[in-house]
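**Student:** just a sequence and a predicted model for now, questions to come.
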Amino acid sequence: MSEALDIFSLTAVRRAYLAILLVGIPCAVMGCFVVLRRMAFIGDALAHTVLPGIVIAFLKGFHLFFGALVAGIITSFGIGWLSRRKEVREDTAIGILFTAMFALGILLMGQTGSFRDFEGILFGNILYLDRLTLQAMAVLGGLSLLLLASVFKEMELVSYDPSYAQTIGIKTEKLRYLLLLLLAFTVVGAIQAVGVILTSALLITPAATAALLTKKLPLMILLASLFALLGGWGGLTFSVFTNFPSGAAIVLACTLFFGLAYLYRSVFRK
Amino acid sequence: MNYSGCQHPPPRPEAPPLQVKDLVVAHEGAHLPALHGISLTVKKKERVALIGPNGAGKSTFLKAVVHLLKPRAGQIELFGHSPGTCHHRVAYLPQRGELDWDFPIHLRRMVLSGRYVQRGWFKRPSESDRKTVDRILSLLRLEDLADRQIGELSGGQQQRAMLARALVQEAEMLLLDEPFNAVDDETRKLLIEVLETLRQEDKTVIIATHEPELEGLPFDRIFPFLEGRLVDKPATPPKPACPHE
C-alpha cells in the first residue's frame, strides 16, 4: 500500500496531476462554446494542424511547445479566414486544411529519421512534462480564461444570436477569431497531456457531458470543468497503477462520465 | 467602451430618425439586388408599416437599416448619422427563426442582453438594468417564465421574449420584423397594447408585416413593398373606429 502511495511522491506524477488541472479547466470552458456553437470539427482540426509546427521546432531545436503554439495561432487565423470564404463550404475547407497540415507534419517527421521522437506528441506524454511546459500551460490556460471572462457576455450572445449581436455593434467576426485563438492556446496545452489524436476529446467530451445535465451555461461550464478534472485525474490514476497509456486512459475516463450522464438523462428525463 | 469603439454621437437637430435615399441592397453572393432604389423618410414619433408579400424586401430593408446587410448603393441615415454609430438608438426585433433557441440560457438573461448596448465592453449589467428587465417582463406577462430555458417557451412566448429584449434597450426607434407572424391571440393583444404604450412614449416604430394583419392596427403611414421596390406613394390608412377592439 505504502509503495503504491509512494508513486504520488514522484515529481513526474505530481506534475501530471497539476497538468490535468491546468489544461482540463480551460479545455472544459472553451469546450462549452465549441459544443454549443457546433464547432467540434474545428477543435479537432486545430489539434492536428499544430503537428508541422512541432516538427519544425524539433528540427530547429526550439521547445516543442512553442512550435505548437505558433502553428496553432497561424491555424486559428487560417481557419477563420477560410471559413469567411463562400466558394468552399466551411467544413470542407477545414477538412482540407487540417489533413494537409497533418500530412505536412508527417512528411517533416520523415525528415527527422525517427517517428519515435514524436510518439508523445501523437499520443500524449503527461508523465514526462518539464517545468517549462507546465509554466506555459499555466500562462496560456490562465490567459485564455481571463480573456474569455472579460468578453463573456458578448461571447455568449454571439453564440446564440449573432444577428442581434451585430445590430448592437458587436463585431461578431472578431469575436470568432478571438475564440479560435483562445482555442489554439487551449489545444496546444492539451496536446502535451493527451496527444494530438485525443485532444479534441478533452475539449468536447466534458462539455458534451455537462450539456446533457443542465440548461444553464454557467452551470454547464462548472460541470464540464468538474468532469474534466474527475475524468483527467481518474484516468491518470488508472494509468499510473496499470501502465495503461495515460492519454487513452484520460479520454476513456471522460467518455465513461459521458456514458453515465447519457444513461442518467435517458432514465430520469423522458 | 462602446461596441462601435467611439462615443455615441448626439442626434442631429431636426434630423429624422430614418432617412433612406436610393438604397440598393443585395444579399451576400447574390448577383441581383433584393432592393432597388428605395427612398423613404420616417419622422419622429411616427408609426409606419412596411407591407407586402414574402420576398418583397421588407425584412431586407430592416436588415440594411440595422447594418446587417451592407448597401450596394444609396444612403441610410439614422438620427442624422450613419447606421454604424447609432446602435443604442435603434432596437431591432428579428424573425423568430434567427436565434438558437436550444442554447442553454434562461429568459431573464436573454432579455438582459438588450441592455448590453448601453453597457458596452467589459461592463456588467447594473442593478437598474435588472430592474428594467423585470419591469418589461412583467409588462409582457413573462415574469413567471423568467427562469425557463428559452427553448421551453411557446412560439408566442418566444415572440414576446424577443420583443422584451428590444424594449429593454429603451431605444428611440424600434424596427419590428413580422412581430404578428404565427402568434397566439394573447400575444397579439399584448403586442397591440405595447404599440400603444410606445406611441404614448413618443417612440418611432417601423413594422414589417403582411397586409391582412393590419386590420385594427393604427399606423400613421404604410409603405407597400413589391419585388424589392416601393410600389406606390406611402398611404395614410383610415383610422379604425376603435383601435383597441
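**Tutor:** Structure received.
**Student:** residue 111: what secondary structure?
**Tutor:** Since no chain was named, I'll use chain A. helix (DSSP: H, G, I helix; E, B strand; the rest coil).
**Student:** hm, I was asking about chain B
**Tutor:** B:Val111 is classified as helix under three-state DSSP.
**Student:** same thing with B:Tyr92?
**Tutor:** On the basis of three-state DSSP, B:Tyr92 is classed as strand.
**Student:** quick check, it in contact with A:Thr167.
**Tutor:** Yes. At 4.6 Å, B:Tyr92 counts as touching A:Thr167 under the criterion of C-beta atoms under 8 Å. (C-beta placed from N, C-alpha, C; glycine too.)
**Student:** so which helix or strand of chain B has the lowest pLDDT on average?
**Tutor:** helix B:185-200 (a mean of 87; mean pLDDT, DSSP states H and E).
**Student:** which parts of it are buried?
**Tutor:** By neighbour count on 16 or more other C-beta atoms under 10 Å in any protein chain shown, the buried set for helix B:185-200 is B:187-188, B:190-192, B:194-195, B:198-199.
**Student:** CA atoms only: put it into PDB for me.
**Tutor:** C-alpha atoms of helix B:185-200 as PDB (Å, rounded to 0.1, in the frame of the first residue of the first chain):
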ATOM      1  CA  ASP B 185     -54.300  35.800 -29.600                       C
ATOM      2  CA  GLU B 186     -52.900  36.700 -26.200                       C
ATOM      3  CA  THR B 187     -49.600  37.700 -27.700                       C
ATOM      4  CA  ARG B 188     -51.300  39.600 -30.500                       C
ATOM      5  CA  LYS B 189     -53.300  41.600 -28.000                       C
ATOM      6  CA  LEU B 190     -50.300  42.300 -25.900                       C
ATOM      7  CA  LEU B 191     -48.300  43.400 -28.900                       C
ATOM      8  CA  ILE B 192     -51.100  45.900 -29.800                       C
ATOM      9  CA  GLU B 193     -51.100  47.200 -26.200                       C
ATOM     10  CA  VAL B 194     -47.300  47.600 -26.300                       C
ATOM     11  CA  LEU B 195     -47.500  49.500 -29.600                       C
ATOM     12  CA  GLU B 196     -50.000  51.900 -27.900                       C
ATOM     13  CA  THR B 197     -47.600  52.400 -25.000                       C
ATOM     14  CA  LEU B 198     -44.700  53.100 -27.400                       C
ATOM     15  CA  ARG B 199     -46.800  55.700 -29.100                       C
ATOM     16  CA  GLN B 200     -47.500  57.400 -25.700                       C
END
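**Student:** toward the C-terminus, what is the element adjacent to it?
**Tutor:** strand B:204-209 (DSSP states H and E).
**Student:** so which elements touch the helix or strand that that following strand is followed by?
**Tutor:** Sequence order places strand B:221-226 as the next helix or strand after strand B:204-209, per DSSP H and E. Here strand B:221-226 touches strand B:47-51, going by 3 or more C-beta pairs under 8 Å, 6 or more residues apart in numbering or on different chains; DSSP states H and E.
**Student:** now the helices: where do they sit in the chain?
**Tutor:** All of this refers to chain A. Ranges of helices in chain A, per DSSP state H, are A:2-6, A:11-36, A:40-49, A:51-60, A:64-84, A:90-112, A:119-123, A:131-150, A:152-160, A:162-167, A:172-194, A:199-213, A:217-242, A:246-268.
**Student:** oops, wrong one, chain B.
**Tutor:** B:58-65, B:107-112, B:116-119, B:127-139, B:155-168, B:185-200.
**Student:** and the first one, what's its mean pLDDT?
**Tutor:** So the one you mean is helix B:58-65. Average pLDDT, helix B:58-65: 94.
**Student:** contact partners of that helix?
**Tutor:** With contact meaning C-beta atoms under 8 Å, 6 or more residues apart in numbering or on different chains, helix B:58-65 is reached by B:18, B:20, B:23, B:25, B:27, B:34-35, B:38, B:50-52, B:69-71, B:76, B:78, B:83, B:90, B:92, B:95, B:175, B:177-178, B:206, B:208-209, B:225, B:228.
**Student:** tilt between it and strand B:204-209?
**Tutor:** 140 degrees (axes from the mean of the first three to the mean of the last three C-alpha atoms, to 10 degrees).
**Student:** now swap in the longest one and tell me
**Tutor:** Direction vectors for helix B:185-200 and strand B:204-209, defined by the same axes, to 10 degrees, enclose an angle of 150 degrees.
**Student:** so who does B:Ala34 touch?
**Tutor:** B:25-27, B:57, B:60, B:228.
**Student:** any idea which of the helices of chain A is most buried?
**Tutor:** helix A:199-213 (a mean of 26; mean count of other C-beta atoms under 10 Å in any protein chain shown).
**Student:** now what about stretch B:174-188, what contacts it?
**Tutor:** B:58-59, B:62, B:65-66, B:90-96, B:141, B:154-157, B:159-160, B:163, B:166-167, B:191, B:198, B:203-210, B:213.
**Student:** give me the distance between that stretch and the centre of its chain.
**Tutor:** Taking C-alpha atoms, centre = their mean, to the nearest Å, one finds the center of stretch B:174-188 at 11 Å from the center of the full chain.
**Student:** buried ones in that stretch, by neighbour count?
**Tutor:** Buried-residue list, stretch B:174-188, by 16+ other C-beta under 10 Å: B:174-180, B:183, B:187-188.
**Student:** circling back to that earlier point, wait, which of the helices of chain A is closest to B:Gln149?
**Tutor:** helix A:217-242 (10.2 Å; C-beta to C-beta).
**Student:** quick check, that closest one touching chain B?
**Tutor:** Yes. Under the criterion of C-beta under 8 Å from any C-beta of the partner chain, chain B is reached by helix A:217-242 at A:217, A:220.
**Student:** got the angle between that helix and helix A:172-194?
**Tutor:** 20 degrees.
**Student:** which strands and helices sit next to helix A:217-242?
**Tutor:** Contact partners of helix A:217-242 among helices and strands, from 3+ C-beta pairs under 8 Å, 6+ apart: helix A:11-36, helix A:199-213, helix A:246-268.
**Student:** and chain B, which of its residues are near chain A?
**Tutor:** B:2-4, B:28-29, B:66-68, B:84, B:87-88, B:90, B:92, B:94, B:98-100, B:103-106, B:110, B:113, B:116-117, B:121-122, B:124-125, B:149, B:151-152, B:165, B:169.
**Student:** a markdown table for the helices and strands packed on helix A:217-242, including distance to A:His63 and mean pLDDT?
**Tutor:** Below are the helices and strands packed on helix A:217-242 laid out as a markdown table (distance: least, C-beta to C-beta, whole Å; pLDDT from 0 to 100):
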| stretch | distance to A:His63 | mean pLDDT |
| --- | --- | --- |
| helix A:11-36 | 16 | 93 |
| helix A:199-213 | 18 | 93 |
| helix A:246-268 | 20 | 93 |
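**Student:** would you list these in a markdown table and tack on distance to chain B?
**Tutor:** Listed next are the helices and strands packed on helix A:217-242 as a markdown table, based on distance: least, C-beta to the nearest C-beta, whole Å:
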| stretch | distance to chain B |
| --- | --- |
| helix A:11-36 | 6 |
| helix A:199-213 | 7 |
| helix A:246-268 | 14 |
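**Student:** can you redo those as a markdown table with distance to A:Trp81?
**Tutor:** What follows is these, written out as a markdown table (distance: least, C-beta to C-beta, whole Å):
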| stretch | distance to A:Trp81 |
| --- | --- |
| helix A:11-36 | 19 |
| helix A:199-213 | 21 |
| helix A:246-268 | 30 |
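**Student:** between those helices, which one is nearest to A:Ala138?
**Tutor:** Nearest of the helices and strands packed on helix A:217-242 (C-beta to C-beta): helix A:11-36, 5.3 Å.
**Student:** I figured B:Leu145 hits B:Ser154, correct?
**Tutor:** No. Taking C-beta under 8 Å as the definition, B:Leu145 is not a contact partner of B:Ser154, at 9.5 Å.
**Student:** tell me which of those two has more neighbours.
**Tutor:** Remark: of B:Leu145 and B:Ser154, B:Leu145 carries more neighbours, 19 against 13, as counted by other C-beta atoms under 10 Å in any protein chain shown.
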